[in-house]
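Q: Coordinates only, no sequence provided:
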């Protein structure tokens, strides 16, 4: 068993969740709502808002170059643009590091002089 996840101020899970799908905001939705085309993708992205495992979902799609559907709050076109910019990136590693850095920045005590 891994390290237990704890929640940040916005309800975000701070530790990486390996088995993220059962925690996804879209878990009870029909897949047809997430695998849409064109402007409908922007509507589908609203399901991802506030999802506690949005980052894990996005990393899964990017690392596995999943071409269809909305994953982690990003459309197919948005993900393709990221993949073109960093074709050999480990997206899990990048996103996990970014999450940790953001957590440190928001939880660090402020110092006034």
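A: Nice, thanks for sending it over. The shown structure was predicted, so the numbers you read here are calculated from the model rather than taken from an experiment. Numbering: from 1, shown residues only.
Q: make it CA atoms for all contacts and neighbour counts henceforth
A: Noted.
Q: Could you pull up the residues touching the closest residue to residue 63 other than its chain neighbours?
A: Leaving aside its chain neighbours, residue 63 sits nearest to residue 91 (5.8 Å; criterion: CA to CA, 6 or more residues apart in numbering). Residues near residue 91 by CA atoms under 8 Å, 6 or more residues apart in numbering: 59, 62-63.
Q: Just those residues: which are in strands?
A: Per DSSP state E, strands hold no members of the contacts of residue 91.
Q: returning to what we had before: how near is the residue nearest to residue 63 to residue 99?
A: For residue 91, the distance to residue 99 equals 12 Å [CA to CA, to the nearest Å].
Q: hang on, the earlier thing: switch the contacts of residue 91 over to CSV; also include neighbour count, distance to residue 40 and pLDDT.
A: CSV is the format used below for the contacts of residue 91 (neighbours: other CA atoms under 10 Å; distance: CA to CA, whole Å; pLDDT from 0 to 100):
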residue, neighbour count, distance to residue 40, pLDDT
59, 20, 22, 96
62, 22, 21, 96
63, 16, 24, 96
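Q: quick one: which of those residues is nearest residue 20?
A: Ranked by distance to residue 20 (CA to CA), the contacts of residue 91 are led by residue 59 at 11.0 Å.
Q: remind me, longest helix of this structure?
A: In terms of residue count, the longest helix belonging to the chain (DSSP state H) is helix 91-107.
Q: center of the protein, which residue is that?
A: Ranked by distance to the mean C-alpha position of the chain (CA atoms, centre = their mean), the top residue is residue 55 at 1.9 Å.
Q: May I have the phi/psi pair for that residue?
A: With angles defined as degrees, to the nearest 10, residue 55 sits at phi -70, psi -40.
Q: Report the separation between it and residue 31.
A: For residue 55 relative to residue 31 (CA to CA), the value is 19 Å.
Q: How about residue 43?
A: On the measure of CA to CA, residue 43 and residue 31 end up 14 Å apart.
Q: More neighbours: which of the two?
A: residue 43 (14 against 11; other CA atoms under 10 Å).
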